[in-house]
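Student: Provide a 3D model corresponding to the input given below.
(one chain, ligands or ions: 1)
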Amino acid sequence: MTNSLHSPFERVVVDSDSHIKTTACRGKPLTNGWCAEHQAAQTLLDVGAQLGYPRIQVTRYRAIGAGRGCWHAYARCAPTRWLQDDLPFIRQNFLAGERGRVMRYVQTPDGLGSLIGNRQEQQLLSCMSEGMQEKLRYKIGVVILNDGMERFYSPRMLSDAPPEVIEAYEQSHEAYI
Ligand SMILES: [Zn+2]
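Tutor: Numbering: from 1, shown residues only. Next up, the predicted model:
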């Protein structure tokens, strides 16, 4: 289980004799057990749980093994910059597929995102007009591609992403290893 003194993240270091070792992250753990820097690890584990912890080849050189243990081992040592690419990749290719949804890009105030179809119902005030309630009723979950985190927006804050923006993102994503 989670150690209460530090987040479960392990940094890989190479010592002066060129030995590869891991050291515990010194970050202060938040309520989920991970430090602020390594919170995306928890997001990864949540996604893994939703999918049933399958084996996923995230890049040509990296894979997450099948089973909860492998996902936890990966989350403990995956640098934040890996997860920034892994999370959108996994969500697009596995989570979306799992639920039979097609990936769709949208522009948000926080940059390009992908719709994953989650919705949050809003608490509405009964004194609001019906039109106003309709407008505010739902917020839509969007995974922001920059950091792989899901945020919720009201529909009027979203617009279709221009094709050139999507193309640029997909090209830069493919180029990344
Ligand atoms: Zn940490």
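Student: Starting from the lowest-mean-pLDDT helix or strand in the chain, tell me the next helix or strand along the chain.
Tutor: Least confident helix or strand of the chain, by mean pLDDT, DSSP states H and E, is helix 96-98 with a mean of 54. Helices and strands here follow DSSP states H and E; after helix 96-98, the next one along the chain is strand 104-108.
Student: What does the pLDDT read for the one residue sitting closest to the centre of the chain?
Tutor: The centre of the chain sits closest to Gly148, judged by CA atoms, centre = their mean, with a distance of 3.5 Å. The per-residue pLDDT reported for Gly148 equals 77.
Student: out of everything not next to it in sequence, what's closest to it?
Tutor: Sequence neighbours aside, Leu87 is the residue nearest to Gly148 in space, at 2.9 Å (criterion: CB to CB, 6 or more residues apart in numbering). C-beta: built from backbone N, CA, C; applies to glycine.
Student: Check the offset of the helix or strand that neighbour falls within from the chain's centre.
Tutor: Taking DSSP H and E as the criterion, Leu87 maps to helix 80-90. Relative to the chain's own centre, helix 80-90 is displaced by 7 Å; criterion: CA atoms, centre = their mean, to the nearest Å.
Student: Packing partners of it?
Tutor: Identification of packing neighbours for helix 80-90 by 3 or more CB pairs under 8 Å, 6 or more residues apart in numbering; DSSP states H and E yields helix 40-51, helix 163-175.
Student: and it, which residues are buried?
Tutor: Buried positions in helix 80-90, judged by neighbour count with 16 or more other CB atoms under 10 Å: Trp82, Leu83, Gln84, Asp85, Asp86, Leu87, Pro88, Phe89, Ile90.
Student: Make sure I have this right: the residue nearest to the centre of the chain is in a strand.
Tutor: No - applying DSSP: H, G, I helix; E, B strand; the rest coil, one finds Gly148 to be coil, outside a strand.
Student: so who does it touch?
Tutor: Ala40, Thr43, Leu83, Gln84, Asp85, Asp86, Leu87, Pro88, Arg91 (CB atoms under 8 Å, 6 or more residues apart in numbering).
Student: let's see it at 6 Å
Tutor: Counting by CB atoms under 6 Å, 6 or more residues apart in numbering, Gly148 touches Gln84, Leu87, Pro88.
Student: swap in Asn32?
Tutor: Contact analysis of Asn32 by CB under 6 Å, 6+ apart lists Gln42.
Student: So if we follow the domain assignment, how does the protein break up?
Tutor: Taking automatic domain parsing as the domain assignment, the ranges for the chain are 1-84, 103-177.
Student: any idea which of these scores lowest on pLDDT?
Tutor: Among these, domain 103-177 carries the lowest mean pLDDT, at a mean of 73.
Student: sorry, back to before: and the contacts of Gly148, which is closest to the ion?
Tutor: Gln84 (15.2 Å; CB to the ion).
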